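Enquirer: next come a sequence and a model predicted from it.
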Amino acid sequence: MIILLSAEGAPASGPNTARRPVARPMGRTIAALALLTALSATAFAASKVTVHIEGDIAPECAINGAQSAVGFPLDFGDITKPGSKTLAVTVNCNAPFQYGLEAQFGAMTNVSAAEAPNGFVAVVNYDVAIYIPTDGPAISDRCAGENLRAGQVRCRFSNSGDSIALGSQALLTITWNPQRGVPLTGNFVDRLTIMVAASL
């Protein structure tokens with residue numbers, strides 16, 4: 001295909017001189033356009049790198065509270081009458097978890113008394129109730145202290161299932177009722193240990 005281009009210019013040497021059309025080949029124009037296209041594609045060419053990112057969070061469980069050198073202090077005061085005390089602690093478990101309880105004696109015990117005379121007792125039994133909120137169903141268990149004696153634990157403890165506890169306030173309530181006699185004068189003690197661990 002030939003494209004005819006025309007333009008006005010100065011007349012030739014004679015009045016009858018006719019203007020002749022100028023023809024230019026189309027091939028050069030196409031080649032120029034192709035070159036410009038190739039240059040544009042080169043200018044905007046890009047490469048990419050895909051970065052795979054990952055991380056891990058280890059399962060952790062902890063109990064926090066007003067702990068002293070000997071543990072969480074919980075003073076019952078006068079135990080000659082029925083009563084109860086509640087201890088609040090914070091449970092942090094970022095994974096499903098289980099817990100356990102264990103007592104040194106399994107009862108409030110007067111360790112300074114070798115034997116109690118008739119009508120008196122050197123031990124006062126208690127029950128333990130524990131409540132741990134989670135982001136699902138709460139854990140709520142109860143067990144007699146005598147079934148928590150170290151090495152002889154006979155209570156079955158619930159676990160959190162698929163739930164976790166982040167900053168949950170757990171409540172440990174201990175209830176006592178001296179029914180077998182009058183507690184001896186002196187200091188009655190026991191040590192109760194609470195354990196939490198991820199169950200993964």
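Expert: Arrived safely, thanks for sending.
Enquirer: and the residue positioned nearest the centre of the chain, how close does it get to residue 145?
Expert: Taking CA atoms, centre = their mean, the centroid of the chain lies closest to residue 94, which sits 2.9 Å from it. Remark: distance between residue 94 and residue 145 (CB to CB, to the nearest Å) = 31 Å. Glycine gets a C-beta too; all of them are placed from N, C-alpha and C.
Enquirer: run a quick neighbour tally on residue 137.
Expert: 12 (other CB atoms under 10 Å).
Enquirer: you'd agree it is in a strand?
Expert: No - if the criterion is DSSP: H, G, I helix; E, B strand; the rest coil, then residue 137 is coil and not within a strand.
Enquirer: could I get the contacting residues of it?
Expert: Counting by CB atoms under 8 Å, 6 or more residues apart in numbering, residue 137 touches 161, 163.
Enquirer: roughly how far does it sit from residue 101?
Expert: 19 Å.
Enquirer: residue 176 now?
Expert: 16 Å.
Enquirer: where do the strands sit along this structure?
Expert: 2-5, 22-25, 61-64, 83-93, 97-103, 108-110, 120-121, 123-124, 126-132, 139-144, 165-176, 182-183, 188-189, 192-198 (DSSP state E).
Enquirer: could I get those as TSV with mean neighbour count?
Expert: What follows is these, written out as TSV (neighbours: other CB atoms under 10 Å):
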stretch	mean neighbour count
strand 2-5	9
strand 22-25	10
strand 61-64	14
strand 83-93	17
strand 97-103	20
strand 108-110	20
strand 120-121	18
strand 123-124	22
strand 126-132	20
strand 139-144	16
strand 165-176	17
strand 182-183	16
strand 188-189	18
strand 192-198	16
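Enquirer: would CSV of the ones you listed with mean pLDDT and distance to residue 158 be doable?
Expert: CSV is the format used below for those (pLDDT from 0 to 100; distance: least, CB to CB, whole Å):
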stretch, mean pLDDT, distance to residue 158
strand 2-5, 31, 91
strand 22-25, 53, 92
strand 61-64, 90, 15
strand 83-93, 94, 13
strand 97-103, 96, 8
strand 108-110, 93, 25
strand 120-121, 90, 32
strand 123-124, 92, 27
strand 126-132, 97, 9
strand 139-144, 97, 5
strand 165-176, 95, 13
strand 182-183, 89, 32
strand 188-189, 92, 28
strand 192-198, 94, 12
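Enquirer: how about these, which one is nearest residue 159?
Expert: Across the strands of the chain, residue 159 has its closest neighbour in strand 97-103 (4.1 Å, CB to CB).
Enquirer: which helices and strands sit right next to the closest one?
Expert: strand 126-132, strand 192-198 (3 or more CB pairs under 8 Å, 6 or more residues apart in numbering; DSSP states H and E).
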